[in-house]
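Trainee: how does the following fold in three dimensions:
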Amino acid sequence: MVYNSQSFTDEIIRTMLPNGEYTMEKNKFIFILSRASRNPIEAVGLMRIAANMKAFDENCEVDFFLIDEAVLIAKKGFAETITVQIEEQTVSVGELLNTLIGDFKVKFYVCPIFMPAFGVAKEDLIENAEIKPSSHLGELLLEGRIPFSLSL
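Mentor: Numbering: from 1, shown residues only. As a prediction, this is how the structure comes out:
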């Protein structure tokens, strides 16, 4: 399957709001990611969309909530082991992660329930990763964060 990242992002953005309009003014998003190595295109897709959104408007709030196998993305060195072939180029989850953290200061909330099952300890976490229970995700949603996930 081949994705054109710009048209893919444009299509996602057009469908975010019920009326098809999209403004970055006051928008806050929480990207919910559940898979990393089992379906890396999902991680790449969400990370590219998040990076594009921050590039379009640095004032929008974009953060990630990692559950299930995706908690591995918050483990130092793991994201660098995941690559995907898209449009005849290799895309690194590690490079996207570094862009999101370094350039855009995106936070990665890690659900602690899944950490032991995937061998992730607090001392293993990357910069900008915080351990937060699922109740924190509920709080973010109640505060008006727009949830975003992909099923590819």
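
Trainee: every contact and neighbour count from this point should use C-alpha atoms.
Mentor: OK.

Trainee: neighbouring contacts of stretch 109-122?
Mentor: Applying C-alpha atoms under 8 Å, 6 or more residues apart in numbering, the set of residues contacting stretch 109-122 from outside is 63-69, 71-72, 74-75, 129-134.

Trainee: go again with 10 Å.
Mentor: Applying C-alpha atoms under 10 Å, 6 or more residues apart in numbering, the set of residues contacting stretch 109-122 from outside is 30-32, 63-76, 125, 128-137.

Trainee: likewise for stretch 124-143?
Mentor: Surrounding stretch 124-143, the residues in contact under the criterion C-alpha under 10 Å, 6+ apart are 28-30, 32, 63-67, 71-78, 97-98, 100-102, 105-113, 115, 121-122, 145-147.

Trainee: please check the contacts of stretch 109-122 and keep the buried ones.
Mentor: Among those, those classed as buried by neighbour count (16 or more other C-alpha atoms under 10 Å) are 30-32, 63-75, 125, 129-132, 134, 137.

Trainee: ranges for the helices of this structure?
Mentor: For the chain, the helices defined by DSSP state H cover 5-14, 40-56, 93-102, 134-142.

Trainee: just the buried residues of the second one, please?
Mentor: Within helix 40-56, the residues that qualify as buried are 40-54, counting by 16+ other C-alpha under 10 Å.

Trainee: packing partners of that helix?
Mentor: Taking 3 or more C-alpha pairs under 10 Å, 6 or more residues apart in numbering; DSSP states H and E as contact, the helices and strands that helix 40-56 lies on are helix 5-14, strand 28-33, strand 61-66, strand 83-86, strand 89-92, helix 93-102.

Trainee: can we see that at 8 Å?
Mentor: Contacting helix 40-56 under the criterion 3 or more C-alpha pairs under 8 Å, 6 or more residues apart in numbering; DSSP states H and E are the following elements: helix 5-14, strand 28-33, strand 61-66, strand 83-86, helix 93-102.

Trainee: any chance of these in JSON lines, plus mean pLDDT and distance to Ser151?
Mentor: Output for these, formatted as JSON lines (pLDDT from 0 to 100; distance: least, C-alpha to C-alpha, whole Å):
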{"stretch": "helix 5-14", "mean pLDDT": "48", "distance to Ser151": "13"}
{"stretch": "strand 28-33", "mean pLDDT": "96", "distance to Ser151": "10"}
{"stretch": "strand 61-66", "mean pLDDT": "97", "distance to Ser151": "15"}
{"stretch": "strand 83-86", "mean pLDDT": "90", "distance to Ser151": "16"}
{"stretch": "helix 93-102", "mean pLDDT": "96", "distance to Ser151": "17"}
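
Trainee: great, nothing more from me.
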